[in-house]
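Colleague: Next come a sequence and a model predicted from it.
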Amino acid sequence: MTDRAIYIAMTGASAMLRGQATVANNLANADSTGFQAALDATVAAPVQGAGFASRVATSERTLGVDARAGAINQTGNPLDVALKPERWLAVQDSSGGTAYTRAGDLSINANGMLMTSRGQAVLGNDGAPLSIPAYQSIGIGSDGTISIVPQGQPASTITEAGTLQVVAARTTELERGDDGLMRPRPGVQPPPATGASMSAGTLEESNVNTADALVSMIELSRQFEMQVQLLQKADENARATSSIVSLS
């Protein structure tokens with residue numbers, strides 16, 4: 001009985017620590033453009049193995065990300081884009097693969113490449129990183145089409161410089177990687193988005209509710225303390241039982 005109590009309390013404390021790490025990461029990204037809070041929960045998980053049929057542990061599960069959109073702010077920057085709900089911007093990850101983000105604070109680097117604020121190349125409809133020619137003015141349409149007035153050309157000379165690759169996917173169809181980027185779950189292939197997918201000159205704020213996150217952090221901390229106290233009580237009971245047995 002004692003070892004069961006210790007095991008349950010130990011796994012419970014471990015789950016609380018992981019939950020705190022998730023909430024801490026959400027709080028750290030409260031000011032990150034387009035960030036969607038991770039959702040965690042604890043569940044009772046039967047212990048696998050012979051002789052453990054009655055054993056149950058506490059397990060922490062990542063349920064996905066909060067699908068609620070963040071507030072939209074006007075910036076006036078033609079390279080800023082706020083994506084519509086369930087729309088994701090394709091970028092190139094560190095391994096050269098395709099990943100997705102809702103962070104639309106874009107910029108053009110010294111080599112003319114369109115980049116996210118985290119240094120990821122933005123992909124075009126053809127799957128290649130977008131390179132923007134020198135321009136006098138630039139605009140991004142609601143369907144992701146990039147139009148420019150080339151440098152040295154009259155304002156009436158508008159040229160298409162590429163189209164942002166945008167896909168349509170529910171948050172439940174994607175999962176977040178360690179690099180913070182979203183990727184399709186196994187068996188999911190997000191289709192290209194159609195119609196209006198974004199608005200230029202605006203940015204989506206993080207959807208993290210700081211007050212709620214702080215309350216969750218306090219609750220998890222109290223639950224962790226409760227689990228530790230249970231561990232200590234179980235240990236005291238075990239020592240007391242051993243003393244009684246040795247005296248007899």
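Modeller: Happy to help now that I have it. Numbers count the residues shown, from 1 in each chain.

Colleague: Tell me which residues touch L164, please.
Modeller: Neighbour list for L164: 81, 89-90, 122-125, 130, 140, 144-146, 198 [criterion: C-beta atoms under 8 Å, 6 or more residues apart in numbering]. (C-beta placed from N, C-alpha, C; glycine too.)

Colleague: Save the residues you listed as a markdown table, and put in distance to Q165, pLDDT and secondary structure too.
Modeller: Converted to a markdown table, the contacts of L164 look like this (distance: C-beta to C-beta, whole Å; pLDDT from 0 to 100; DSSP: H, G, I helix; E, B strand; the rest coil):
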| residue | distance to Q165 | pLDDT | secondary structure |
| --- | --- | --- | --- |
| V81 | 13 | 97 | strand |
| L89 | 7 | 98 | strand |
| A90 | 4 | 98 | strand |
| V122 | 8 | 98 | strand |
| L123 | 5 | 98 | strand |
| G124 | 6 | 97 | strand |
| N125 | 5 | 94 | coil |
| L130 | 9 | 97 | coil |
| I140 | 13 | 97 | strand |
| G144 | 8 | 96 | coil |
| T145 | 12 | 97 | strand |
| I146 | 12 | 97 | strand |
| M198 | 12 | 97 | strand |
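
Colleague: For these, give me a markdown table that also has neighbour count and distance to R102.
Modeller: Shown next, in a markdown table, are the contacts of L164 (neighbours: other C-beta atoms under 10 Å; distance: C-beta to C-beta, whole Å):
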| residue | neighbour count | distance to R102 |
| --- | --- | --- |
| V81 | 30 | 10 |
| L89 | 26 | 7 |
| A90 | 22 | 11 |
| V122 | 27 | 13 |
| L123 | 22 | 15 |
| G124 | 19 | 18 |
| N125 | 15 | 18 |
| L130 | 22 | 18 |
| I140 | 24 | 15 |
| G144 | 25 | 14 |
| T145 | 14 | 19 |
| I146 | 24 | 18 |
| M198 | 23 | 10 |
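
Colleague: could the residues you listed go into a markdown table alongside distance to G104?
Modeller: As requested, the contacts of L164 are arranged in a markdown table below (distance: C-beta to C-beta, whole Å):
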| residue | distance to G104 |
| --- | --- |
| V81 | 4 |
| L89 | 6 |
| A90 | 12 |
| V122 | 10 |
| L123 | 14 |
| G124 | 15 |
| N125 | 17 |
| L130 | 14 |
| I140 | 9 |
| G144 | 11 |
| T145 | 15 |
| I146 | 13 |
| M198 | 7 |
